[in-house]
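In: how does the following fold in three dimensions:
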Amino acid sequence: RRRRPEETTLHALLRAHASAFFARAEAGGARVPGFVRAEFDATLACGRPEHGIVRLRCASCGHDEILAFSCKRRGFCPSCGTRRMEASAAHLVERVFPPVPVRQFVLTLPVPLRLLLAARPGLMGPALRVLHRLLARHLAAHVAARGARVQTGAVTVIQRFGSAANLNVHFHCLALDGAYRIDIDGRPRFVAAAAPTPARLQALLAAIIARLMRLFVRRGVVVAEPDRIWIADVQARDGDDATDMAPADGPSALPLLNQASTTYRIATGPQAGRRIARIGGGVCAPGGGGGKPLCAEIDGFTLHAATRCREDDRHRLARLCRYVMRPAFADDQLRWDGGSRVSFELKTPWRDGTTHLEMTPVDFLERLAALVPRPRLHLIRFHGILAPNAKLRGLVVPKAPAAARREAGCHDRAHRDAATADTGASGKKATTTPRPSLRWADLLRRVYDIDMRTCPNCGLGTLEPIATILDPDAIARILDAIGRRSRAPPP
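Out: Numbers count the residues shown, from 1 in each chain. Predicted coordinates for the structure are as follows:
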């Protein structure tokens, strides 16, 4: 059975109102960047066979199946976001985190700094280096002895969304809850850290704030005066790792969309500046960490450290990894009957009792545009002994199963032979591409319970890809021959 994205609420909203959103966002002369438009187009094409298919055939009975391409985007596609969540969580648990305790540190920022990092993502790298340096010092404080060498490790996931599909840049840092002490023979030995106390967590957050503000002042994006601190410049620069990519024919519409999404307001149109309607609660915005265990809060910054996974509880660690890698929302949170209002259901009610948000379809698409990350912006960062080039990484990370190593070796040899055949007599060195931790067929089975390996006709053979088809006319003939609709349904 095929996944049918055209029957989802998100797909219907995009088909019906994407053009109206772009027209309204650009009515004042601003332009929506090309990578945001590409995200909308790719999400509409995701899972639709008329945009590209892989043809599969059973070696036993000759039965044919087709598999539609996915967009593989990182913005708001629930399907590709769920598959990426499963693949990344499996990779972190099976190939990255050693069998030691892991503690999650969640750092949230004040609204002005969220907007700053959203507009200038090149600042995230230096900010995360500051965060990990102070976390490492905190975790290794009681481990280090005189003359001893210690190393810590962590994986940080940059999340750009909040619980209401709003823009909310914050960091989930999964840190090894302790440090590796390097013995005389050069081998690492893990020493668990003591549980953090509220006082130590408060001191750690104060140090993080001081170092971050010093960094931003040095970069010239924050101005510190005796009586106040204010943001000097939130516009992206060409020197950033990733920029706004503003169109050449006008200013970018993203700053306005980002600000409205972060503050739960409408960005454009006749209702611009008004708050999004809330159902079931008052008017107070959610936030704050008051009353939570192991949660420090200072001037809009919060640091939460109450979640910990024991070394023998890999199932809980996998759940935590899936949580931090989850997509921005699920399609079943949306309710739309084709009218003028969209209802977005919150997974957890806010403290004021709000359970749903209501807005027009175009207002909802404004929020989606703010969630699209810039191209070439890495959302997963590895630190310390877990970094890719760390010298001791191979001694602590889990080893791949022997069968997986043999399969990867066969794949690399086949890829190398194919590359050598393509280069011919050029003499160029062939490159190899490592196999991902999960096959695409495995992800389809995990997420959608779709088996793309076993032949549905005979139940014995294995489906293998025989062709990749991109020509629209050829795809239309194939879809007509097997009785599948070759066009998206009307809005």
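
In: helices along the stretch 101-250 of the chain, start to end?
Out: Along the stretch 101-250 of the chain, counting by DSSP state H, counting those that start in this stretch, helices occupy 111-119, 124-139, 198-219.

In: sec struct for Ser19, please.
Out: Secondary structure for Ser19, judged by DSSP: H, G, I helix; E, B strand; the rest coil, is helix.

In: nope, Ala90 is what I was after
Out: The three-state label for Ala90, taken from three-state DSSP, comes out as helix.

In: burial count for it?
Out: Ala90 has 19 neighbours, counted by other C-beta atoms under 10 Å. The way it works is simple: take the backbone N, C-alpha and C, and place the C-beta from them, glycine included.

In: just the helices of the stretch 101-250 of the chain: most buried one?
Out: helix 111-119 (a mean of 22; mean count of other C-beta atoms under 10 Å).

In: so what touches that one?
Out: The contact list for helix 111-119 (C-beta atoms under 8 Å, 6 or more residues apart in numbering) reads 109, 123-124, 127, 160, 167-170, 216, 221-222, 230-231, 234-236, 244, 254-255, 258-259, 262-263, 300, 370.

In: give the buried subset of the residues you listed as a PyMOL selection command.
Out: Applied in PyMOL, the following selects the buried portion of these according to 16 or more other C-beta atoms under 10 Å:
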select buried, resi 109+123+124+127+160+167+168+169+170+216+221+222+234+236+244+254+255+258+259+262+263+370
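
In: identify those among the contacts of helix 111-119 that sit within strands.
Out: Taking DSSP state E, the ones among the contacts of helix 111-119 that sit in strands are Arg160, Leu167, Asn168, Val169, His170, Val222, Trp230, Ile231.

In: how about JSON lines for the helices of the stretch 101-250 of the chain, with distance to Arg326 and mean pLDDT added?
Out: What follows is the helices of the stretch 101-250 of the chain, written out as JSON lines (distance: least, C-beta to C-beta, whole Å; pLDDT from 0 to 100):
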{"stretch": "helix 111-119", "distance to Arg326": "19", "mean pLDDT": "94"}
{"stretch": "helix 124-139", "distance to Arg326": "20", "mean pLDDT": "95"}
{"stretch": "helix 198-219", "distance to Arg326": "25", "mean pLDDT": "95"}
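
In: I'd like these as CSV, with distance to Arg149 appended.
Out: What follows is these, written out as CSV (distance: least, C-beta to C-beta, whole Å):
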stretch, distance to Arg149
helix 111-119, 33
helix 124-139, 13
helix 198-219, 23
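
In: lowest average confidence, helix or strand, in this structure?
Out: Using mean pLDDT, DSSP states H and E, the weakest-scoring helix or strand in the chain turns out to be helix 402-423, at a mean of 43.

In: distance of Phe171 from Ser163?
Out: 16 Å (C-beta to C-beta, to the nearest Å).

In: the more surrounded of the two?
Out: In terms of neighbours (other C-beta under 10 Å), Phe171 is the more surrounded of Phe171 and Ser163; the figures are 22 against 14.

In: and the residue nearest to that one when sequence neighbours are not counted, what is it in contact with?
Out: Spatial nearest neighbour of Phe171, excluding adjacent residues (C-beta to C-beta, 6 or more residues apart in numbering): Leu107 at 4.7 Å. Residues near Leu107 by C-beta under 8 Å, 6+ apart: Leu131, His170, Phe171, Cys173, Ile208, Phe301, Thr302, Leu303.

In: now swap in Cys80 and tell me
Out: By C-beta under 8 Å, 6+ apart, the contact list for Cys80 reads Cys46, Ser70, Cys71, Lys72, Arg73, Arg74.

In: burial of the residue nearest to Pro375 when sequence neighbours are not counted, as a residue count?
Out: Excluding its sequence neighbours, the residue lying closest to Pro375 (C-beta to C-beta, 6+ apart) is Phe35, at 5.5 Å. Neighbourhood size, Phe35 [other C-beta under 10 Å]: 17.

In: what mean pLDDT does the host helix or strand of Phe35 get?
Out: Assigned by DSSP states H and E, Phe35 falls within helix 34-45. The average pLDDT within helix 34-45 is 95.

In: so which elements touch that helix?
Out: When contacts are defined as 3 or more C-beta pairs under 8 Å, 6 or more residues apart in numbering; DSSP states H and E, helix 34-45 sits against helix 9-25, helix 361-371.

In: related to what we said a few turns ago, bridge partners for the residue nearest to Phe171, pull those for me.
Out: As for beta bridges, Leu107 partners with Phe171, Leu303 under DSSP bridges.

In: what's the pLDDT at it?
Out: pLDDT for Leu107: 98.

In: ok, for Gln333, nearest residue in space, not its chain neighbours?
Out: With sequence-adjacent residues excluded and distances taken as C-beta to C-beta, 6+ apart, Gln333 is closest to Glu345, at 4.7 Å.

In: list the buried residues of stretch 327-335.
Out: Applying a neighbour-count criterion of 16+ other C-beta under 10 Å, one finds Pro327, Ala328, Phe329, Gln333, Leu334 buried in stretch 327-335.
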